[in-house]
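[1] this one's structure only:
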Ligand SMILES: [Zn+2]
């Protein structure tokens, strides 16, 4: 199936430019370029052989090795082989996750700080908790 540049960009950015199975970094301009660095293809998350559609929600970027070895397996099965449960988040998803993590860290840190240091600890613990939670990888 041929995809427009706009469709390819949308599919590529859905997983922040990473293979949705093994999370390897992909190169937008090397779509379908077997042998090139970051080469990728469009994978049907639910395979066509299992009734998967061409709808955008079913299309994911995958490195060529993953796409071709996946065959008629589901994405869940293919990701499990790589030790992952979910596809990588989009940039928007990563930003949202990071903001939520920072808020959670600040609250938890504030409570912990208050328990250890009293009222002054709320600020110190909140700041430390926010920084610590913000620094983790949102895809984890
Ligand atoms: Zn891959």
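    It's in. Here the structure is a predicted model, which is why all the values come from computation and not from measurement. Numbering: from 1, shown residues only.
[2] ok, now which ones touch residue 77?
    With contact set as CB atoms under 8 Å, 6 or more residues apart in numbering, residue 77 has no partners. Any C-beta I mention is one placed from the backbone N, CA and C, and that applies to glycine too.
[3] buried residues in stretch 50-60?
    Neighbour-count burial for stretch 50-60 flags 52, 58, 59, 60 (criterion: 16 or more other CB atoms under 10 Å).
[4] Show me which residues of this protein are close to the ion?
    Within the chain, the positions lying close to the ion (CB under 5 Å from the ion) are 19, 21, 22, 24, 63, 66.
[5] Most neighbours of all these, which one?
    residue 21 (29 neighbours; other CB atoms under 10 Å).
[6] tell me the phi and psi of the most centrally placed residue in the chain?
    Centroid check for the chain by CA atoms, centre = their mean gives residue 88 as the closest residue, at 1.4 Å. Residue 88 adopts backbone torsions of phi -60, psi 150, taken as degrees, to the nearest 10.
[7] Quick check: it vs residue 112, distance?
    31 Å (CB to CB, to the nearest Å).
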